[in-house]
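**Q** coordinates for the following, if possible.
(chains A and B)
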Amino acid sequence: MWLAEETPIRKQDLTLDKPWVNAAGVLGFAPDPNKMPFLDQMGAFITHPISRRPRQPAKDRCCLPYQGGFLLHTGLPNPGISRAIQRNRHRWAGASLPVIAHLLVETPETLAEMIQKLEGLENVVAVELGLPPDCTPEGLAAFVEAAVGELPTILSLNPDQIPVLLPALNALHPAAVHLTQPRGTLPGLDSALVTGRLYGPAVFPQVLHAARALVAGDLQVIADGGGHTPWQAEALLGVGVAAVGLAEALWGINTNQIT
Amino acid sequence: MPDLTAKLIEIYQLGDEIAGVLDLPQELWPAPGQYLPAQRLSAEREILPTHLFQVIGNNAGLSIAPLPADWMPSDTLGLLNPRGHGFSLPETARRVALLALGVSPARLLTLAAAALAQDAAVALFCDPMPQADLLSRVPTIIEASPLSTFQDDLDWPDFLAVDLPLEELPRLDDMLLGVPLGFEGQALIRAAMPCHGLGECGVCSVKTRHGWRLACLDGPVFPLSEALNVAR
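**A** Numbers count the residues shown, from 1 in each chain, chains lettered A, B, ... in the order given. Predicted structure coming up:
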């Protein structure tokens, strides 16, 4: 369970029946039981990152394998909030598990506008804010304030952001913090350097370390990052995370291996 | 959960790729240009599936490539059903040109049998020219020529099939620039497809005349008319 039983449930809290979710960006915009036989084992579905306006793919988009994982740089293409809702609201409403909308945060004003569009949609139970990599504590506070509404707010950040943002997180105390893949840089085509998210087992120790720091700050934590085997999930749950986020492991064919 | 499992019964070198033969019933084979996501079931640390394409080979089973270097004969693979759109050779095609741009022609040559079966003439244009082990598998009736001769023969084909990496699309545009195309065509556009359509992650996005499309879902074979002169 997400919450201790003795804690009264507030409007801004979130409950998950099962301690598994997907990482934003790995399962598309809506659950599809035909393609995702593991949905019944998940506590919630997190959408592909959605921005206020449509976003095109990055010109230098690429998937760069390295020992222990791969770097993925896509530009997070998406149709924008209005079309995303138009195309998916019925699929969200009919889903067999709760849906969390992941929003790409730009400014507090546009964030408030996006959240307003999501409020009242059936089966959308929370918003997750994808914070800019250079987010400051002041910026974080402004985003959290802009996000106040009917839906609980989950803050999505990578391990590199924790030293800068941890005091602010403790003060703001969001419904949860979703620790996502760290970022990295590798030479891509023509040796040009490419920055993107790092996936694969190589990042797991970094994520476990960061998850422990967040839990110690008395925050509800969802942690992604390199989980491919039961012992990794057990280690994360063992340090006190409320849920484990699965990323590239869901793209594998033998998904039984995970659960 | 895999849709299928199959045993790898043979491994061989095919040009600069490692190819293999799978003991998969023929009704489950991917069409030329479709891909088959595969992962070795015994491996704990195979992070992403490998996408296998049908290649020219022997008749003992399904010949596929590219295989990772550490796969071995007798390995059991977990497979998903064939994904994406493959080539669709028009029944009326009688002069079929196959153009491998910066890649091995092994995938394109799987179209040759269907073309020859409908009495079409087939010509292969390649850059680089294939190695001897691959050429030895090409039916002798098919002439293999260097890419440099292709532009002199643009009035010959009534169907053109192209295989190229995504980043070579501008080069194909340049080759066909200003030429009134008197033929239909399709292009197998190769890009990394780590999510094989599950995540719509967008890394395999291809710009087409009708907007951005995903190679993993909408391709990887696209009509040439959709993909030409829009990549830049």
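**Q** which residues of chain B fall in helices?
**A** B:112-117, B:132-135, B:169-176, B:224-227 (DSSP state H).
**Q** tell me which of these sits most buried.
**A** Greatest average neighbour count among the helices of chain B goes to helix B:224-227 (a mean of 18), per mean count of other C-beta atoms under 10 Å in any protein chain shown. Just so you know, the C-beta spots here come from the backbone N, C-alpha and C atoms, and that holds for glycine as well.
**Q** which strands and helices lie in contact with that one?
**A** Contacts defined by 3 or more C-beta pairs under 8 Å, 6 or more residues apart in numbering or on different chains; DSSP states H and E place helix B:224-227 against strand B:184-190, strand B:205-208.
**Q** which of these sits closest to residue A:246?
**A** Evaluated over those, closeness to residue A:246 peaks at strand B:205-208, with 23.7 Å, by C-beta to C-beta.
**Q** list the strands paired with the closest one, with their directions.
**A** Next to strand B:205-208 in the sheet, as set by DSSP bridges, lie strand B:211-214 (antiparallel).
**Q** can you give me the buried ones in the strand it pairs with?
**A** For strand B:211-214, the neighbour count (16 or more other C-beta atoms under 10 Å in any protein chain shown) marks B:213-214 as buried.
**Q** try stretch B:179-198
**A** Result for stretch B:179-198 [16+ other C-beta under 10 Å]: buried residues B:183-198.
**Q** equivalent analysis for stretch A:141-159, please.
**A** Going by neighbour count (16+ other C-beta under 10 Å), the buried part of stretch A:141-159 is A:142-144, A:146-147, A:151-159.
**Q** got a markdown table for those residues, with secondary structure and pLDDT too?
**A** Formatted as a markdown table, those follow (DSSP: H, G, I helix; E, B strand; the rest coil; pLDDT from 0 to 100):
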| residue | secondary structure | pLDDT |
| --- | --- | --- |
| A:142 | helix | 95 |
| A:143 | helix | 95 |
| A:144 | helix | 94 |
| A:146 | helix | 94 |
| A:147 | helix | 94 |
| A:151 | coil | 93 |
| A:152 | coil | 94 |
| A:153 | strand | 94 |
| A:154 | strand | 96 |
| A:155 | strand | 96 |
| A:156 | strand | 96 |
| A:157 | strand | 94 |
| A:158 | coil | 93 |
| A:159 | helix | 94 |
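**Q** what is the nearest of the residues you listed to chain B?
**A** residue A:156 (16.2 Å; C-beta to the nearest C-beta).
**Q** max-length strand in chain B?
**A** strand B:4-14 (DSSP state E).
**Q** quick one: contacts of that strand?
**A** The contact list for strand B:4-14, computed with C-beta atoms under 8 Å, 6 or more residues apart in numbering or on different chains, reads B:18-24, B:28, B:41, B:55-57, B:60-61, B:65, B:67, B:71-81, B:104, B:106, B:133-134, B:137.
**Q** what of stretch A:137-147?
**A** Contacts for stretch A:137-147 (C-beta under 8 Å, 6+ apart): A:105, A:108-109, A:111-112, A:115, A:127, A:129, A:131-132, A:135, A:153, A:155, A:164-165, A:167-169, A:171-172, A:174.
**Q** alpha carbons of that stretch, as CSV, please.
**A** Output in CSV follows, covering the C-alpha atoms of stretch A:137-147 (Å, rounded to 0.1, in the frame of the first residue of the first chain):
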residue,chain,number,x,y,z
PRO,A,137,14.5,25.3,-6.0
GLU,A,138,12.7,28.5,-6.7
GLY,A,139,11.5,27.2,-10.1
LEU,A,140,10.4,24.0,-8.4
ALA,A,141,8.3,25.9,-5.8
ALA,A,142,6.7,27.9,-8.6
PHE,A,143,5.8,24.7,-10.6
VAL,A,144,4.3,23.0,-7.5
GLU,A,145,2.2,26.1,-6.7
ALA,A,146,1.0,26.2,-10.3
ALA,A,147,0.1,22.6,-10.2
